[in-house]
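Q: Quick one: sequence plus predicted model below, questions after.
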Amino acid sequence: MRLDSGSQSRSLPMFASRYAAAAAAALVLPFAASAAHACRGGDCTDVRIREVIEGPPVAIVEPVPVIVAPGRVDTVRMPPETVTVVEDVVMQPAGYMWYRTGPNGERCCAVPVPAETKLVRREVVVRPSRTVTLVTPPEHRWRNAVVGVAPTFRTVTDYRSSVRRSGKRERTRVRVRRTTTVMARPLWYGW
């Protein structure tokens with residue numbers, strides 16, 4: 001079967017236009033079926049409300065030891081250690097004294113004489129003076145420090161209504177609520 005050149009020229013543009021029409025239909029059909037095109041004959045309302053509630057970040061605080069004063073090493077000269085001692089010192093030892101009786105018949109007698117003593121206070125060195133090294137440890141105090149930050153919490157609520165068409169067929173408006181909450185842990189939880 002032979003085709004003349006005139007019939008070939010007619011069939012090719014027709015064949016090419018079919019592919020173009022199919023491609024155009026494939027691109028246009030998804031947009032034509034959208035909810036906005038369903039209300040083409042009347043007034044449509046499509047209400048979407050999004051409510052976002054965000055909270056501040058939460059700091060996680062923990063008591064941490066902080067050095068208030070650093071440790072130090074001091075060299076100190078210590079005075080000698082003394083003790084006060086009270087002694088009974090003999091000023092004159094005990095002995096005898098000759099005693100004479102009467103002027104005419106003299107008799108000599110030995111009379112005992114007690115010793116003379118005196119209380120004397122003295123400082124006795126128990127430990128001589130010395131050099132001592134004093135080590136003072138560092139002074140710590142507890143202070144609250146931020147050890148981490150919990151992220152902010154965010155609550156997103158979407159309110160969506162169905163598309164309604166003003167006209168014969170009216171549907172009641174339906175509110176759809178979708179809530180998502182992400183929250184940080186309280187302060188007393190560890191990470």
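A: Cool, got the structure. Residues are numbered from 1 along each chain as shown.
Q: switch to C-alpha atoms for all contacts and neighbour counts from now on
A: Noted.
Q: My reading is that residue 145 lies in a helix. Confirm?
A: No - counting by DSSP: H, G, I helix; E, B strand; the rest coil, residue 145 falls outside a helix, being strand.
Q: need the contact list for it.
A: 61-64 (C-alpha atoms under 8 Å, 6 or more residues apart in numbering).
Q: Inside strands: which ones of these?
A: Among these, the ones falling in strands (DSSP state E) are 61-64.
Q: Now list the buried members of those.
A: With neighbours counted using 16 or more other C-alpha atoms under 10 Å, the ones in strands among the contacts of residue 145 contain these buried positions: residue 62.
Q: tell me the two of the ones in strands among the contacts of residue 145 that are most distant?
A: 61 and 64 (9.2 Å; C-alpha to C-alpha).
Q: okay, and the common contacts of the two?
A: Common neighbours of residue 61 and residue 64 (C-alpha under 8 Å, 6+ apart) are 144-145.
Q: ranges for the helices of the protein?
A: Secondary structure of the chain (DSSP state H): helices at 5-32, 35-38.
Q: Show me the domain layout of this structure.
A: Partitioning the chain according to automatic domain parsing yields domains covering residues 1-33, 42-70+137-191, 72-134.
Q: so for the longest one, what's the average pLDDT?
A: Going back to what we said before, that points to domain 42-70+137-191. For domain 42-70+137-191, the per-residue pLDDT values average out at 70.
Q: now the nearest residue to residue 88 once chain neighbours are set aside: how far from residue 145?
A: Distances taken as C-alpha to C-alpha, 6 or more residues apart in numbering put residue 119 closest to residue 88, at 4.5 Å, once the chain neighbours are dropped. In this view, residue 119 and residue 145 are 68 Å apart by C-alpha to C-alpha, to the nearest Å.
Q: And for residue 59?
A: For residue 59, the distance to residue 145 - C-alpha to C-alpha - is 9 Å.
Q: Equivalent analysis for residue 92, please.
A: Residue 92 sits 80 Å away from residue 145, taking C-alpha to C-alpha as the criterion.
Q: ok, now residue 89?
A: Residue 89 is 71 Å from residue 145, by C-alpha to C-alpha.
Q: next one: residue 88
A: In terms of C-alpha to C-alpha, residue 88 sits 69 Å off from residue 145.
Q: Same question for residue 131.
A: Distance, residue 131 to residue 145, using C-alpha to C-alpha: 42 Å.
Q: what's near enough to touch residue 119?
A: Contacts of residue 119 by C-alpha under 8 Å, 6+ apart are 86-89.
Q: Count the neighbours of the closest residue to residue 49 other than its chain neighbours for me.
A: In space, residue 49 comes closest to residue 159 once its chain neighbours are excluded; the distance is 4.9 Å by C-alpha to C-alpha, 6+ apart. By other C-alpha atoms under 10 Å, 16 other residues sit near residue 159.
Q: How about residue 143?
A: 13.
Q: Please name the bridge partners of it.
A: residue 64 (DSSP bridges).
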